[in-house]
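J.: Using only what follows, build the 3D model:
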Amino acid sequence: MKNQKGKVYLVGAGPGDCNLMTVRSHKLLSQAEVLIYDALIDIPQLELIPATCRKIQVGKRGGKPSTQQQEINRLLVENCQLGKQVIRLKSGDPFIFGRSSSEIQALITAGCEFEVIPGISSALAAPLLAGIPLTDPVMSRCFAVMSAHEPDALEWEALVQIETLVILMGGRNLSEIIWQLQKHGRSTETPIAIIRDCGRPEQQIWLGTLSNIVQQTAGQSLSPCVIVIGEVVRLREYLIQPESTNMIDTPVTASNSKLPLAGKTILVTRSVSQSAEFSDRLQQQGARVIEMPALVIGPPSTWEPLDSAIAQLSSFHWLILTSHNAVDCFFQRLQAKGKDARSLFGIKIAVVGKKTAESLRSHSLQADFIPPNFVADSLVDNFPDNLQNCKILFPRVESGGREVLVKEFTAKGAEVIEVPAYQSCCPETIDTLALSALQNQAVNIITFASSKTVHNFCNLIQQSLKLSLSKDWLENVCIASIGPETSKSCQNLLGKLDVEAKEYTLDGLTEAIVEWVAEYQSS
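T.: As a prediction, this is how the structure comes out:
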């Protein structure tokens with residue numbers, strides 16, 4: 001967003017979870033100069049905004065004070081004419097009860113450039129997140145979406161003929177909605193679901209019928225909610241995870257609010273190709289994950305040493321692979337040279353770690369040896385064969401790997417042929433979302449799965465001219481390491497270490513973080 005001319009982006013924030021926003025919305029938020037946002041926007045979404053961005057809340061929550069629409073229009077025009085890149089952030093989708101027409105007309109009249117960015121409306125997201133389909137070949141061939149802010153203005157006689165109704169802004173008028181439906185002929189046994197705070201950690205669901213839902217929710221604050229009415233509500237019982245099924249007349253929690261990492265923002269520093277699996281593990285425990293790749297995996301400066309080794313594979317006794325990258329890069333090069341796993345006949349394979357073993361299995365091969373402690377040092381101490389006159393092929397990272405492994409094998413009589421199979425480099429820039437989260441001190445935990453990610457992370461922090469961190473930015477941040485060598489780098493470069501995995505795997509690191517959070521919250 002380097003244009004000097006101002007522009008207004010009317011952005012749909014989706015139902016609340018940052019992960020349910022569009023990629024374009026994420027990018028625009030991370031570059032905003034002025035943010036004008038509704039009260040329903042979540043704090044995690046605001047954490048994506050640069051620290052230098054001017055933030056203006058304009059309300060728009062039912063029953064509470066809001067800025068007049070005319071004043072919102074003025075703010076949009078004024079900041080655009082100042083040459084600012086303005087984000088008008090609206091919950092859901094800007095055109096689904098978003099009152100965008102007035103704002104767009106004001107921008108057109110003033111000659112301001114604008115763009116509308118779609119978002120996921122809660123009318124669609126809430127039923128989905130609750131396990132309720134809006135259409136079904138038998139039960140629901142169509143659905144209607146409406147606002148019940150003024151229920152008297154709706155054509156109830158026509159609406160009761162529609163199989164599935166989705167009602168927004170109806171929490172305060174639930175009794176009136178139920179009365180109108182029954183008055184115009186809808187059965188009292190028609191199923192109904194009320195979904196409050198969809199897509200947020202505190203999401204709750206009430207299930208019932210038109211005859212009992214008012215009694216069930218008596219005394220409850222339902223707003224903001226989405227109401228789904230129709231036979232499709234019954235399908236929820238068959239379309240959600242069995243352990244989540246609960247059809248009793250009490251609120252059904254369908255969120256991650258009770259998960260051990262709920263409310264925690266975790267920065268993952270693995271490479272782009274490797275971060276997804278770890279991020280999924282953390283998200284399954286309730287965490288909000290921001291990925292900041294601190295490694296870029298690429299080819300070595302030359303393939304000649306590896307190609308030479310592949311040409312004489314039959315001369316080796318053992319192949320040692322110490323990482324997922326080593327496995328993938330070795331077999332990719334093997335295939336590039338017109339060979340496959342059959343070329344390894346008669347060669348034993350040692351791997352370090354469960355993940356590396358899984359990568360090997362993806363090539364239809366089982367490891368002959370996995371050291372018990374999942375670290376490279378354990379290879380030598382527990383090696384199953386006599387190393388005297390043993391010829392070992394060791395494909396590895398081109399630079400930055402640990403030399404001690406080769407020295408110890410050689411000292412015991414082995415001939416180790418180490419060849420570069422890949423290179424791991426430091427990215428040129430920090431991911432913009434990660435940068436914003438660090439600036440706003442929104443990160444609770446930073447994870448490191450290798451010493452190199454620690455080094456690269458520190459280099460990125462030092463090299464970034466944009467980054468303006470306070471001197472104590474690490475004081476309230478937990479530093480989590482996958483194992484001893486990575487922990488040493490954390491202590492040396494960051495000056496602290498809070499968590500070290502007992503089992504040196506991603507599962508072990510996840511478990512260690514969960515334990516640390518539990519202890520931290522109880523203290």
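
J.: All the strands of the stretch 1-150 of the chain, in order from the start?
T.: Shown for the stretch 1-150 of the chain, the strands assigned by DSSP state E, counting those that start in this stretch span residues 7-12, 34-37, 54-57, 85-90, 114-117, 143-147.

J.: Check the stretch 301-450 of the chain too.
T.: Using DSSP E, counting those that start in this stretch, the strands assigned to the stretch 301-450 of the chain run over residues 318-321, 348-351, 391-397, 415-425, 445-448.

J.: Of all the ones you listed, which one is nearest Leu474?
T.: Nearest of those to Leu474, taken as CB to CB: strand 445-448 at 8.5 Å. For the C-beta atoms, the positions are set from N, CA and C on the backbone; glycine is no exception.

J.: Which of the residues in the longest helix seen in the chain are classified as buried?
T.: When secondary structure is assigned using DSSP state H, the longest helix within the chain turns out to be helix 506-522. Across helix 506-522, burial judged by 16 or more other CB atoms under 10 Å covers Leu506, Gly508, Leu509, Thr510, Glu511, Ala512, Ile513, Val514, Trp516, Val517.

J.: Kindly report the same for stretch 69-89.
T.: 72-73, 75-77, 79-80, 84-89.

J.: now stretch 334-347
T.: Going through stretch 334-347 with 16+ other CB under 10 Å, the ones that come out buried are Leu334, Leu344, Ile347.

J.: which of the buried residues of helix 506-522 lies closest to Gln105?
T.: Using CB to CB, Val517 is the member of the buried residues of helix 506-522 that sits closest to Gln105, with 48.7 Å.

J.: what residues are up against the closest one?
T.: Neighbour list for Val517: Pro260, Leu261, Lys264 [criterion: CB atoms under 8 Å, 6 or more residues apart in numbering].

J.: And it, how close does it get to Leu360?
T.: Between Val517 and Leu360 the distance, using CB to CB, to the nearest Å, works out to 33 Å.

J.: where does the stretch 351-500 of the chain dip in pLDDT?
T.: Counting by pLDDT under 70, the stretch 351-500 of the chain shows low-confidence ranges at 374-377, 400-402, 432-433, 464-468, 470.

J.: mind listing the helices for it?
T.: Assigned by DSSP state H, counting those that start in this stretch, the stretch 351-500 of the chain shows helices spanning 354-361, 377-381, 404-411, 432-439, 451-463, 484-494.

J.: Does the most centrally placed residue in the chain fall in a helix, a strand, or a coil region?
T.: Among the residues of the chain, the smallest C-alpha distance to the mean C-alpha position (CA atoms, centre = their mean) belongs to Val289, namely 4.6 Å. The three-state label for Val289, taken from DSSP: H, G, I helix; E, B strand; the rest coil, comes out as strand.

J.: try the one 4 residues further on
T.: Of the three states, Pro293 takes coil under three-state DSSP.

J.: Could you measure from it over to Cys425?
T.: Counting by CB to CB - Pro293 and Cys425 are separated by 11 Å.

J.: Would you mind telling me which of those two has the busier surroundings?
T.: More neighbours sit around Pro293 than around the other of Pro293 and Cys425, counting by other CB atoms under 10 Å; the figures are 22 against 15.
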